[in-house]
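S.K.: sharing a model prediction with you, sequence too.
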Amino acid sequence: MRLPPAPRHPRLGDYGPTIILEHRLDGIPFFTLHGHLSRPSLEGLEPGRAFTAGDRIGWVGEQDENGSWPPHLHFQIIADLLGMAGDFPGVAAPSQRARMLDLCPDPNLILGIPGL
């Protein structure tokens, strides 16, 4: 996994500290977005840093640092960043639903949470 730049997104309703990782599966690249993190999650990160399975990449942020949301993780799979760096929309207009589902497949493909 490779790490692109990590933005902070401090605005109300935004992601807060965010990490986007690049992965490769059978040579095919895809990305995972981890949003609403704590500020310390970004300390020491730099583009190109590698992680391996089981590495901790961050912590869920408190409401005062994660875009004013109740603490939770925004986890999103992204097939193509469309040239964006460090950010990607997490919501879309109903008219864009089909396009977003093509770009962002069901995260339970990775998470494997029973019943979802």
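M.R.: Right, received. Where do you want to start?

S.K.: tell me who's in contact with the closest residue to residue 72 other than its chain neighbours.
M.R.: Leaving aside its sequence neighbours, residue 72 sits nearest to residue 36 (C-beta to C-beta, 6 or more residues apart in numbering; 5.9 Å). Bear in mind the C-beta positions are built from the backbone N, C-alpha and C, glycine included. Contacts for residue 36 (C-beta atoms under 8 Å, 6 or more residues apart in numbering) come out as 15-18, 60-61, 66-67, 69, 71-74.

S.K.: at 6 Å instead, please
M.R.: 15, 16, 61, 66, 69, 72, 74 (C-beta atoms under 6 Å, 6 or more residues apart in numbering).

S.K.: what is the neighbour count of residue 35?
M.R.: Using other C-beta atoms under 10 Å, residue 35 has 27 neighbouring residues.

S.K.: could you measure it against residue 55, distance?
M.R.: 18 Å (C-beta to C-beta, to the nearest Å).

S.K.: related to what we said a few turns ago, and the residue nearest to residue 72, how far from residue 93?
M.R.: From residue 36 to residue 93 the distance is 22 Å (C-beta to C-beta).
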